[in-house]
Each structure stands twice: as structure tokens, then as C-alpha cells.
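Trainee: pasting the sequence and the predicted model now:
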Amino acid sequence: MSGGPLPAALRARVDRTRCVGAGMCAGVAPEEFEVDGHGKSRPRRPVAPASADLVEAVSLCPMEAIAVFDAGSGRPVRLWGDERPVEGP
Ligand code: SF4
């Protein structure tokens, strides 16, 4: 992780054009993600605590399809190893 401590609450977003439905996110963080009937992942709740499972799901996604944002400020949050350009929500 870079950029300081994680916010306490995060808002996750799945880029469904990238997601291939591999389900790794739902496997490591079943409280946070589910693969829907279209074979794409989606967050299970709008705001989630910044848990180790959520961070692991983001880092394990083979398509780098999951982005997380500070639930308070809406700012993008970079996680360790995440080299994608930062985009707005
Ligand atoms: S790990 Fe990534 S590609 Fe796989 S279902 Fe989750 S968001 Fe989609």
C-alpha cells in the first residue's frame, strides 16, 4: 500500500468491462463481492470497512477490475501494488 493509511470505510467499484467473472474477489472476500447472473462481479454493499479481505480481493483480481474509493471523500485509494492511473468515481 502507498499513500498513507487506509480510510476506515471504502467504496468498491468493479469495472464490468474488465471483469471476466473469475470469482477470485468473491472467493477471498465473500462478504464484499458476488458474481451475478451475467458472470460479472459486483460489490455486495455500497460501503465496506477497509478489511484485509477487501484489500486482498483488489490485489488478487487478475484483470485489475476493482477500484476502491474513500467512502467519505470519494477520493480514489491506491493499494499496494496498484499501479493503475487514478480515475475519478
Ligand atoms: S477477481 Fe476481478 S475479474 Fe474476477 S470476478 Fe472479481 S472483479 Fe471480476
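Mentor: Yep, it's here. Numbers count the residues shown, from 1 in each chain.
Trainee: that's a helix at Glu56, yeah?
Mentor: Yes: when the secondary structure is assigned by DSSP: H, G, I helix; E, B strand; the rest coil, Glu56 falls within a helix.
Trainee: spatially nearest residue to Gly23 (excluding sequence neighbours)?
Mentor: Distance criterion Cβ to Cβ, 6 or more residues apart in numbering; nearest residue to Gly23, sequence neighbours excluded, is Val35 at 5.1 Å. C-beta here means a position set from N, CA and C on the backbone, and glycine is covered the same way.
Trainee: neighbours of that neighbour, how many?
Mentor: Residues near Val35, counting by other Cβ atoms under 10 Å, number 18.
Trainee: so what's it bridging to?
Mentor: Val35 has these beta-bridge partners by DSSP bridges: Ser41.
Trainee: for it, what are its contacts?
Mentor: For Val35, the contacting residues are Gly21, Gly23, Ala26, Ser41, Arg42, by Cβ atoms under 8 Å, 6 or more residues apart in numbering.
Trainee: could you pull up the residues touching the nearest residue to Arg18 once chain neighbours are set aside?
Mentor: The spatially closest residue to Arg18, leaving aside those adjacent along the chain, is Ala65, at 3.8 Å (Cβ to Cβ, 6+ apart). Ala65 makes contact with Val14, Asp15, Arg16, Arg18, Cys19, Val20, Ser41 under the criterion Cβ under 8 Å, 6+ apart.
Trainee: right, I'll call it a day here.
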